[in-house]
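Q: Next input, structure requested:
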Amino acid sequence: MPRFYIDSNDDDFHLRDEEGQEFPNLAAARDAAMMMLPDMAREKLPDGDQRVFCVNVRDERGATRYTATLSLVGEWKQTE
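A: A predicted model of the protein is given here:
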């Protein structure tokens, strides 16, 4: 089974996956990476009104095969 590495970045902290995990294919690694994004956001909220969360999936050769970004943008609205 191929090994993939899922790196993460939340604008404050970058984590490079040095161990990796075995997944049946790239699609399964992508699914795992996508599921990380909401958890990353929950851990950092409510820490400001703007934040970018990113995950990258690398293959066994170290090539980036997939990238996903979740952006949080909050803004106050004037009320009358």
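Q: any idea how far the residue most central in space within the chain lies from residue 15?
A: Computing the C-alpha centroid of the chain and ranking residues by C-alpha atoms, centre = their mean puts residue 55 first, at 2.8 Å. With distances taken as C-beta to C-beta, to the nearest Å, residue 55 is found 10 Å from residue 15. (Glycine included, C-beta is placed from N, CA and C.)
Q: which residues does the residue lying closest to the residue nearest to the centre of the chain once chain neighbours are set aside contact?
A: Spatial nearest neighbour of residue 55, excluding adjacent residues (C-beta to C-beta, 6 or more residues apart in numbering): residue 33 at 4.2 Å. Taking C-beta atoms under 8 Å, 6 or more residues apart in numbering as the criterion, residue 33 is in contact with 6, 55, 56, 57, 66, 68.
Q: Using neighbour counts, give me the buried entries of these.
A: Neighbour-count burial (16 or more other C-beta atoms under 10 Å) is assigned, among the contacts of residue 33, to 6, 55, 56, 57, 66.
Q: Show me these that map onto helices.
A: Among those, no member falls in helices (criterion: DSSP state H).
Q: Please flag which of those residues sit within strands.
A: Counting by DSSP state E, the buried ones among the contacts of residue 33 place 6, 55, 56, 57, 66 in strands.
Q: how near is the first one to residue 77?
A: Distance from residue 6 to residue 77, counting by C-beta to C-beta: 36 Å.
Q: same deal with the last one?
A: With the distance defined as C-beta to C-beta, residue 66 ends up 35 Å from residue 77.
Q: Residue ranges in the protein under the pLDDT threshold?
A: 46-47 (pLDDT under 70).
Q: swap the cut-off to 90 and go again
A: Counting by pLDDT under 90, the ranges of the chain that qualify are 11-12, 41-51, 72-80.
Q: where do the helices sit along it?
A: Counting by DSSP H, the helices of the chain are 26-44.
Q: Run a quick neighbour tally on the residue lying closest to residue 9 once chain neighbours are set aside.
A: Once flanking residues are discounted, residue 9 sits nearest to residue 54: 4.6 Å by C-beta to C-beta, 6+ apart. Residue crowding around residue 54 was assessed by other C-beta atoms under 10 Å; the count is 18.
Q: I'm done for today, thanks for sticking with me.
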